[in-house]
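Q: task: produce atomic coordinates for the following.
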Amino acid sequence: MYGFGCQRAAAVAAATAAGLLLGPAPTSASATSGPIAVGTGDSRCTTAGSLCVFETEWFAGRTALYRDVDTDCVTAPFGILANINMTDRPVTFHKNADCTGSSTTEPAGNLHSWKSLGPMYSFRA
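A: Numbering: from 1, shown residues only. The predicted structure follows:
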C-alpha cells in the first residue's frame, strides 16, 4: 500500500511540475491556430491569412504566428509592439490580457509598430 501511494504522489508531482514548466495553455485565435513560435523573417508571416506579432517595434525578438484569427479574445504570449496583419479583416490589439483597456486597430494587409503606445497583451479580429 505504501509503495502505491508513493507512486501516485510521484505521478502527481511530475504532472504538476510539467504544468508549471509549460505554463497555462495559451488562448488560441481559433480551433486551428497558434501561437506558433517562428523566427524573425519567417516567410509564413507574409502569407495570406496569417497574423504575426513581434516583441519589439523593429519586427524582431520573440515572434508568434497565428492563422485563421477570429473574434475570440487571444492573450498574447508576450507584450506585442509590432504586427504583420495578412488576414482579411482588421485586428484590434488591447493593452490588457482580456481584450480591454486602450487599443489600436490595424487594417487587413498591413504592418505596423507602435512603440509610443507601449506593449499590447491581447487581440481579436
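
Q: CA only for contacts and neighbour counts going forward, please
A: Will do.

Q: surely Gly39 touches Thr63?
A: Yes: contact criterion C-alpha atoms under 8 Å: Gly39 and Thr63 qualify, at 6.3 Å.

Q: neighbour count: those two, which is higher?
A: Taking neighbours as other C-alpha atoms under 10 Å, Gly39 and Thr63 compare with Thr63 leading, 25 against 15.

Q: isn't the more buried one up against Thr56?
A: No: taking contacts as C-alpha under 8 Å, Thr63 lies outside contact range of Thr56: 9.0 Å.

Q: does the residue positioned nearest the centre of the chain count as helix, strand or coil?
A: Taking C-alpha atoms, centre = their mean as the criterion, Ala76 is the residue nearest the geometric centre of the chain, at 3.3 Å. Classification of Ala76 using DSSP: H, G, I helix; E, B strand; the rest coil returns strand.
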